[in-house]
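Enquirer: Let me see the structure of the following:
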Amino acid sequence: MVLFRAVREEPQGTAVFRKFGIRVTPTVMMLGPDGSEVDWTVGYDPPAEKFQEKIEKMVAGVDTFKSLSDEYAKNPKDVAVVFKLARKYGDRYDEAKAGQKYREVIALDPQGKAGAYTSEYSKITAPYTEYAEYSLGETSLRSQKPDAGPMTAFLKKYPEGKLLKQAYSSLAGYYRSRGSQEEAAGFFAEFAAKFPNDTDAYRAWLARIVRDKDPLDKGFEMADKLDALRRNTPDNPDPAVNQSVAQLYLLKNDKAKADEVYGKAFMSGQVSNTAFALIDYANFWVRQNANLDSAVEMADTAVKLQPDSSYILQQAAGVYLKTGREEKALLLYGPAHAAGIASDGSALYSYARFWAAQGKNLPDALAASKKTTELFPTTYNMWSTLADIHQKMKNYPEAIKAAEKAAELAEAPAKEAMQKKADQLKAEAQGKK
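Expert: As a prediction, the model looks like this:
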């Protein structure tokens, strides 16, 4: 077996991403000797052992894309096989092919009698056909022109279905920002009546009221309801509750289960969520130009919690800059940080983009940007950023060269945009003479 790691910014990696239509990382693909696709797995969820188990099944040929395709060729009316192929394509975000297979499932088994599927994540078991119709509804909600019709029809067809709650939650995401105010209010009232102790309905309803700025009394009602429910909900776990559940498992001598609900992974998630919440808080108040000391304090705490997170460091630096603490921003996310990531092209690119946007620390941003063009000489984004930095430093000849290089490497429509930028730089340079 030969392993190859494809990095998006590298020429070989870019070619792999394009050839296999990879849209999400991490994606692990297994290819046959002839280069054909044997199987894939998209994304990563801890623990590592669970991910390893997926890879081992792939190697063993258990329900791989190839084995399912071979079975489908022999018997295209096997509903279970067709459904599994649909899931494979769906995992790869190939909505068109997944949708085709889901429609085949519905046509083959309109009454939903041919078997059932159990979701690995939700643990919900429902007929293949019901899952297929639900999945098509999800696809319609995620499309470029979201359509609530298919999922609304699903609710009417399966008023007591196993996927009812998930369907309502998906539509709640739609009505947070779409549909008329009256349609949204009617839907949320229906959702809350059907699941009176579920937070999804109230959170989405509150978000819609905030968006519409009306009716405020109803918004306060939703906030009070959430406050009463939030402590014991699975999607907003209360550590004290998890501790009690873990104690119950320990009383049953099930240490593994106790660790699952209240172990290292649980608390690591709490720490990460807290750090991101603190940064969100800091950014919110900086945008309002209020509570600035508190915003900086929360950014400091987020950095302490996640000192190795480039995102947290960058966001904290942004908070410091916006509150007049440039020196502090540079100490956290300046030249010393850049020196530590000198061989990481992606991290350097993010660093250079950040400082280019700020219009500060430009000499060091320039050095980082130049390094990214050396590491990824055929990636147009690197040259585009270099052009931006040169432009802000008024190095017009270099800015024009970088923009033209970006235009040379880019594909439409980015190519046209970069050529336009190069022309604008030439005009700007002429005006400075």
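Enquirer: Name the residues of stretch 284-298 that are buried.
Expert: 285-286, 292, 295-296, 298 (16 or more other C-beta atoms under 10 Å). Quick note: C-beta positions are derived from backbone N, CA and C, even for glycine.
Enquirer: of those, closest to Leu31?
Expert: Closest approach to Leu31 among the buried residues of stretch 284-298 (C-beta to C-beta): Met298, at 46.7 Å.
Enquirer: List the backbone torsions phi and psi for the closest one.
Expert: phi -70, psi -40 (degrees, to the nearest 10).
Enquirer: Quickly note the distance from it to Ala429.
Expert: 43 Å (C-beta to C-beta, to the nearest Å).
Enquirer: cool, and Gly334?
Expert: Look at Gly334 and Ala429: by C-beta to C-beta, they are 29 Å apart.
Enquirer: any chance of the buried residues of stretch 284-298 in CSV, with distance to Arg103, pLDDT and secondary structure too?
Expert: Below are the buried residues of stretch 284-298 laid out as CSV (distance: C-beta to C-beta, whole Å; pLDDT from 0 to 100; DSSP: H, G, I helix; E, B strand; the rest coil):
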residue, distance to Arg103, pLDDT, secondary structure
Trp285, 49, 96, helix
Val286, 48, 97, helix
Leu292, 55, 96, helix
Ala295, 50, 97, helix
Val296, 54, 97, helix
Met298, 49, 97, helix
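Enquirer: Just the element for Ala126, please.
Expert: Secondary structure from DSSP states H and E places Ala126 in strand 125-127.
Enquirer: Give the pairing partners of that strand; include direction for each.
Expert: According to DSSP bridges, strand 125-127 forms sheet pairs with strand 116-118 (antiparallel).
Enquirer: can you give me the mean pLDDT across the strand it pairs with?
Expert: Mean pLDDT, strand 116-118: 95.
Enquirer: now do stretch 414-429
Expert: The average pLDDT within stretch 414-429 is 90.
Enquirer: what do you get for stretch 198-209?
Expert: The pLDDT scores in stretch 198-209 average 89.
Enquirer: can you offset everything so residue one is 20?
Expert: All right, first residue 20 from here; so that's stretch 217-228.
Enquirer: So what touches it?
Expert: Under the criterion C-beta atoms under 8 Å, 6 or more residues apart in numbering, residues 184, 187-188, 191-192, 194-196, 200, 203-204, 207, 210-211, 214, 234-235, 237-238, 241-242, 244-245, 248-249, 252, 254-255 lie in contact with stretch 217-228.
Enquirer: swap the cut-off to 6 Å and go again
Expert: 188, 191, 195, 203, 207, 210-211, 237-238, 241, 244-245, 248, 252 (C-beta atoms under 6 Å, 6 or more residues apart in numbering).
Enquirer: Please produce a markdown table containing these, extended by pLDDT.
Expert: Formatted as a markdown table, those follow (pLDDT from 0 to 100):
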| residue | pLDDT |
| --- | --- |
| Ser188 | 95 |
| Ala191 | 96 |
| Arg195 | 93 |
| Ala203 | 96 |
| Phe207 | 97 |
| Phe210 | 97 |
| Ala211 | 95 |
| Lys237 | 90 |
| Gly238 | 91 |
| Met241 | 90 |
| Lys244 | 88 |
| Leu245 | 85 |
| Leu248 | 82 |
| Thr252 | 58 |
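Enquirer: tell me which of the residues you listed is nearest to Gly62?
Expert: Ranked by distance to Gly62 (C-beta to C-beta), the contacts of stretch 217-228 are led by Ser188 at 19.9 Å.
Enquirer: hang on, the earlier thing: going by neighbour count, list what's buried in the next helix or strand after the strand holding Ala145.
Expert: Counting by DSSP H and E, the next helix or strand C-terminal to strand 144-146 is helix 147-161. Neighbour counts over helix 147-161 (16+ other C-beta under 10 Å) mark 147-160 as buried.
Enquirer: next one: stretch 26-37 to chain centre, how far?
Expert: 20 Å (C-alpha atoms, centre = their mean, to the nearest Å).
Enquirer: What distance do you get for the residue nearest to Met437 when sequence neighbours are not counted to Ala126?
Expert: Nearest residue to Met437 in three dimensions, chain neighbours excluded: Ala426, at 3.7 Å (C-beta to C-beta, 6 or more residues apart in numbering). For Ala426, the distance to Ala126 (C-beta to C-beta) stands at 48 Å.
Enquirer: Which of these two has more residues huddled nearby?
Expert: Ala426 (22 against 13; other C-beta atoms under 10 Å).
Enquirer: Let me know the secondary structure of the more buried one.
Expert: Following DSSP: H, G, I helix; E, B strand; the rest coil, the label given to Ala426 is helix.
Enquirer: Now the buried residues of helix 147-161 in a markdown table, please, with extra columns for distance to Arg222 and pLDDT.
Expert: Putting the buried residues of helix 147-161 into a markdown table (distance: C-beta to C-beta, whole Å; pLDDT from 0 to 100) gives the following:
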| residue | distance to Arg222 | pLDDT |
| --- | --- | --- |
| Tyr147 | 31 | 97 |
| Thr148 | 31 | 97 |
| Glu149 | 26 | 97 |
| Tyr150 | 25 | 97 |
| Ala151 | 28 | 97 |
| Glu152 | 26 | 98 |
| Tyr153 | 21 | 97 |
| Ser154 | 24 | 96 |
| Leu155 | 25 | 97 |
| Gly156 | 21 | 97 |
| Glu157 | 19 | 96 |
| Thr158 | 23 | 94 |
| Ser159 | 22 | 95 |
| Leu160 | 17 | 95 |
